[in-house]
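Enquirer: Provided below are the primary sequence and the corresponding predicted coordinates.
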Amino acid sequence: MWEIRRSEDRGGADHGWLKSRHSFSFADFYDPAHVEFSVLRVINEDRVAPDKGFGTHGHRDMEILSFVLDGQLAHQDSMGNGSVIVPGDVQRMSAGSGVMHSEMNPSKTTPVHFLQIWIQPSVKGIAPSYEQKHFENAEMRGKLKLVASADGAGGSVLIHQDAKVYAGLFDGAERAIFPATPARALYVHVARGSLHVNGTALAAGDALKIAGATSLDIHDGSNSELLLFDLPRLHSR
């Protein structure tokens with residue numbers, strides 16, 4: 001499988017204070033061909049106006065990752081956590097048996113642009129938990145940095161699923177080769193800029209669904225930020 005998902009083909013919503021693009025079926029957007037991919041359930045690209053956000057609401061049995069691309073995102077939850085997420089941070093919230101949280105743009109003047117990602121966990125009903133780590137640009141420049149995994153390897157945040165999430169920054173001649181396992185599924189999402197994967201040109205918001213690959217060659221980037229998901233080879237839609 002080598003399937004391109006172009007940015008303009010994603011779902012979308014414009015609520016004034018919130019402009020969102022949905023890579024997979026979410027809320028009022030339903031696309032039977034793009035409900036999920038392996039255990040990857042949601043990639044929402046959200047832009048939230050100053051001093052606005054998502055009020056307190058609940059989640060269960062989902063691994064939720066947040067990546068801020070520009071601006072700041074303030075988090076509060078029923079576990080007692082409160083933090084501000086900035087570019088370079090990876091926030092992980094395991095909703096487990098149930099958690100309430102809010103996500104707000106604390107700035108009075110600057111919008112926040114971020115990705116929220118949901119990964120279905122391998123276990124249900126666990127105690128909810130929270131983790132946040134910062135990764136410097138140098139750790140991702142011209143390479144793929146492991147930022148989320150099932151065992152917290154390399155300082156990554158811990159997720160309750162047999163999945164790995166890598167982040168990379170690519171520009172100009174910077175290049176990385178990813179040694180893929182054919183029995184796994186891969187999902188590439190370009191968060192910003194443009195680049196090529198095995199010669200396939202991708203722009204901001206574009207994605208690749210991949211199965212059966214032996215390696216990925218990431219090259220010819222232009223101010224690009226990339227997320228790569230290494231997932232169990234389960235059903236995909």
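Expert: Structure received.
Enquirer: which stretches in the chain count as helices?
Expert: 137-140 (DSSP state H).
Enquirer: low-scoring pLDDT stretches of it, where are they?
Expert: Applying pLDDT under 70 to the chain flags residues 235-237.
Enquirer: longest strand anywhere in it?
Expert: Secondary structure of the chain read by DSSP state E shows that its longest strand is strand 216-232.
Enquirer: that one pairs with which strands, parallel or anti?
Expert: Applying DSSP bridges to the sheet, strand 216-232 is found paired with strand 164-172 (antiparallel), strand 176-178 (antiparallel), strand 184-197 (antiparallel).
Enquirer: format these as CSV; extra columns: distance to D89.
Expert: Heads up, the C-betas are built off the backbone N, CA and C, glycines and all. What follows is the strands paired with strand 216-232, written out as CSV (distance: least, CB to CB, whole Å):
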stretch, distance to D89
strand 164-172, 11
strand 176-178, 22
strand 184-197, 14
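Enquirer: so can I have CSV of those strands showing distance to K108 and mean neighbour count?
Expert: Shown next, in CSV, are the strands paired with strand 216-232 (distance: least, CB to CB, whole Å; neighbours: other CB atoms under 10 Å):
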stretch, distance to K108, mean neighbour count
strand 164-172, 29, 21
strand 176-178, 39, 16
strand 184-197, 25, 21
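Enquirer: quick one: closest of these to E8.
Expert: With CB to CB as the criterion, E8 lies closest to strand 184-197 of the strands paired with strand 216-232, at 13.1 Å.
Enquirer: that closest one: how far from the chain's middle?
Expert: With CA atoms, centre = their mean, to the nearest Å as the basis, strand 184-197 stands 11 Å off its chain's centre.
Enquirer: relative to H57, how far out is V42?
Expert: According to CB to CB, to the nearest Å, V42 and H57 sit 14 Å apart.
Enquirer: the more surrounded of the two?
Expert: Using other CB atoms under 10 Å as the criterion, V42 and H57 rank with V42 on top: 19 against 10.
Enquirer: okay, the residue nearest to A213 when sequence neighbours are not counted and H22: tell me how far apart.
Expert: Residue nearest to A213 in three dimensions, not counting chain neighbours: A180, with 4.3 Å by CB to CB, 6 or more residues apart in numbering. Applying CB to CB, the value for A180 to H22 is 26 Å.
Enquirer: higher neighbour count, the two?
Expert: Neighbour totals were compared for A180 and H22, and H22 leads with 21 against 18 (other CB under 10 Å).
Enquirer: quick one: the more buried one and R41 touch, right?
Expert: No: judged on CB atoms under 8 Å, H22 makes no contact with R41 at a distance of 11.1 Å.
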